[in-house]
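A.B. asks: When you get a sec, could you give me coordinates for this:
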Amino acid sequence: HHNELSGEIPDGLSDLTEMKFLDLSHNKFTGVLSPSLGVLEHLEYLFVGANAHTPGEIPPFIQNLTSLKELSLKSCNRTGKIPDWLGKLGGLYLLDLDGNKLTGEIPASLGNLTDLYILMLNRNKLSGAVPESLGNIKDLEVLLLDGNDLTGSLDFMCPDIPTDADGDGIDWLVADCKEGDSKDAGSPEISCPSSCCTLCCADADADCNDEDWLINNDPIWEHGYGRKRFVFEM
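C.D. replies: Reported below is the predicted structural model:
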């Protein structure tokens, strides 16, 4: 994490069959995301973002990593659609696809990830309505949707917003809900109650939600955010 490592990710890492934590993010790795990693059945944390990987879809080998709890493919040139099979990784409590070029609609299958509490889909090219199945994720604390072309309403994410400061609920919900963001003057791309969305962005505002939301090798997360297993820092 945060070194100057370069070249392709070596296939030899697949020999480390008992490995649970692998963080190669923020280096200078190139080439494809090696399918050899798909044999690491005990892997619980996989972070390979912020490298110069060859553009390509979310690699199918990830569906073999059924022990995963945290997956970050942040800013690593992922293209194409978000695959339905991601919704079968039921142990995930963090899914970070921020900063790629993913297209198409958000698959309804992500609503099957009921243990998820951090979902980052921001800064992609996603379109269509946000699936109401995401409302099934009752422990969701962070949902980042900004920087896409999503439409519709997020009302379904907001019925259980606590009225007291100590209640449970979504702490960070960011979407392109700022007035005047769509082609129709004065209308936001997506509708979100002000009592629900913590930040409304617009495509023209590059500084909106410009935090990186990075993980470091402790592992402790940046952004001043406390979560169940680790802690965010600013």
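
A.B. asks: contacts and neighbour counts: CA atoms only from here.
C.D. replies: Will do.

A.B. asks: Could you list the low-pLDDT ranges of this protein?
C.D. replies: Scanning the chain for pLDDT under 70 picks out 159-169, 180-186, 214-234.

A.B. asks: mind checking the backbone torsions on residue 62?
C.D. replies: Taking degrees, to the nearest 10, you get phi -60, psi -30 for the backbone angles of residue 62.

A.B. asks: isn't it right up against residue 38?
C.D. replies: Yes. Counting by CA atoms under 8 Å, residue 62 touches residue 38, with 6.1 Å between them.

A.B. asks: quick one, which of the two is more surrounded?
C.D. replies: residue 62 (20 against 17; other CA atoms under 10 Å).

A.B. asks: what helix or strand is residue 188 on?
C.D. replies: Using DSSP states H and E, residue 188 falls within no helix or strand.

A.B. asks: Wasn't residue 87 part of a helix?
C.D. replies: Yes. Residue 87: assigned to a helix according to DSSP: H, G, I helix; E, B strand; the rest coil.

A.B. asks: check contacts around it.
C.D. replies: Neighbouring residues of residue 87 by CA atoms under 8 Å, 6 or more residues apart in numbering: 109, 110, 111, 112, 113.

A.B. asks: can you list those residues in JSON lines and add secondary structure, distance to residue 26 and neighbour count?
C.D. replies: JSON lines is the format used below for the contacts of residue 87 (DSSP: H, G, I helix; E, B strand; the rest coil; distance: CA to CA, whole Å; neighbours: other CA atoms under 10 Å):
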{"residue": "109", "secondary structure": "helix", "distance to residue 26": "29", "neighbour count": "16"}
{"residue": "110", "secondary structure": "helix", "distance to residue 26": "26", "neighbour count": "25"}
{"residue": "111", "secondary structure": "helix", "distance to residue 26": "29", "neighbour count": "20"}
{"residue": "112", "secondary structure": "helix", "distance to residue 26": "30", "neighbour count": "17"}
{"residue": "113", "secondary structure": "coil", "distance to residue 26": "27", "neighbour count": "24"}
